[in-house]
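Peer 1: A structural model of the following input is requested.
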Amino acid sequence: MKLINGSFFTDCRYLYIMKIIIFKKLLLKSLILAFFAILISCSKNDGNFIEFTRGRSMNPNYPRTGIKITNDNYVYYCEEIMNNGENYYLNRHTGKYKFYKSEEKIDFIKYKDLILKNYSTEIKNSYKRIPDATLEMINFKLDNKERVQNFYYSQLNKNKDSLYNEIWKLKKELKFKKTDSILFSQKLLQEKLPKPPSL
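Peer 2: As a prediction, the model looks like this:
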């Protein structure tokens, strides 16, 4: 009788231990799956950004600039280093830049939603060239939506204009510190003047 009771106790203990082992394995698998799900979710949003760049102004003293908001909730800004040396009057644009990063964070999701709402459609008449106006560019990658488009400020409608100014105002409203080189679209920031025809 003792043997039977002992055997029964051993079997129950064995089943209890097996249940714990199975439960731990299932829990571990669930944690691994959850971890990879988070990684995949993050990778989908990795690299999301909103960017505006300004090309050459008709005023040769104005540097080319760019402003960029990324999904790390920081704002980045670049400004061209102007040539103040010998023969500066021939070409003040150097194509070299100073880069800055905001010390404070902003709400990237807020601007993401506003951009998708207002800039998902093309800017009307953006293909028309406007003499003496500064060519600008919007470039964004938000989830599965991407857009790169040149435009002139006067071509923006009321909603686009309001959001455009709100983003550029961040340069004045936030504190910035110098940082290493940040990737910006190069099309306007490195645009070269066409060579004059040979005589």
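
Peer 1: which residues does residue 146 contact?
Peer 2: With contacts taken as CB atoms under 8 Å, 6 or more residues apart in numbering, residue 146 has the following neighbours: residue 140. C-betas here are computed from N, CA, C, even on glycine.

Peer 1: Give me the number of neighbouring residues for residue 138.
Peer 2: Neighbouring residues of residue 138 were enumerated by other CB atoms under 10 Å; the total is 22.

Peer 1: And the host helix or strand of it, what does it pack against?
Peer 2: In the assignment (DSSP states H and E), residue 138 maps to strand 135-142. Contacts defined by 3 or more CB pairs under 8 Å, 6 or more residues apart in numbering; DSSP states H and E place strand 135-142 against strand 49-54, helix 108-118, strand 145-152, helix 186-189.

Peer 1: could the ones you listed go into CSV alongside distance to residue 93 and mean pLDDT?
Peer 2: Listed next are these as CSV, based on distance: least, CB to CB, whole Å; pLDDT from 0 to 100:
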stretch, distance to residue 93, mean pLDDT
strand 49-54, 12, 98
helix 108-118, 29, 97
strand 145-152, 18, 93
helix 186-189, 10, 94
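
Peer 1: Redo those as a markdown table? Include distance to residue 130.
Peer 2: Output for the helices and strands packed on strand 135-142, formatted as a markdown table (distance: least, CB to CB, whole Å):
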| stretch | distance to residue 130 |
| --- | --- |
| strand 49-54 | 14 |
| helix 108-118 | 21 |
| strand 145-152 | 5 |
| helix 186-189 | 15 |
